[in-house]
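**Student:** For reference, the sequence and a predicted model appear below.
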Amino acid sequence: MTASIDRRRSLEELERDRWQAPPPDATRLIATAHALRSRPVGTLTVEDLRLLIGQDIGLPVLLPLAVEVLRDNPLAEGDMYEGDLLRAVLTRTPAVWSAYPELARQLTFIVGGLSDLSPDLRSKVERFVGAVQKS
């Protein structure tokens, strides 16, 4: 699924959408998101993926990359806590998963094998699985 993504290119290049520079008084989050959009997607870290996906930025490109990471390490950790990338991915709206049913299937398989999750992450998994089954 991710083979067609040229990881040497940035989100700006892949989406053919260059954002204007953030205003000087932009929050750290906004400034970081803007900067990450210009980096090659193959250089994005787990934390970068978590941040961008959590803001619904670049989902067509980044969700396949995130699912690839989660396939190898379902509880991959950015700067927040173990499983923070999984949480960011799971909490996208059901409409996102309707648009990407193959990714939803893969993610359902990944989370199906998880145990000993925190109550919060377990509830996110259950909500995601329930939403995917309804669609």
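**Tutor:** Ah, there it is.
**Student:** Report the spatially nearest residue to Gln106, omitting neighbours in sequence.
**Tutor:** Val67 (5.4 Å; Cβ to Cβ, 6 or more residues apart in numbering). C-beta here means a position set from N, CA and C on the backbone, and glycine is covered the same way.
**Student:** can you pull the contacts of that neighbour?
**Tutor:** Contact analysis of Val67 by Cβ atoms under 8 Å, 6 or more residues apart in numbering lists Met1, Val89, Leu103, Gln106, Leu107, Ile110.
**Student:** For the third one, what are phi and psi?
**Tutor:** Just to be clear, that refers to Leu103. Taking degrees, to the nearest 10, you get phi -60, psi -40 for the backbone angles of Leu103.
**Student:** What helix or strand is the residue positioned nearest the centre of the chain located in?
**Tutor:** For the chain, Ile53 is the residue whose C-alpha lies nearest the centre (Cα atoms, centre = their mean; 3.9 Å). In this assignment (DSSP states H and E), Ile53 forms part of helix 46-54.
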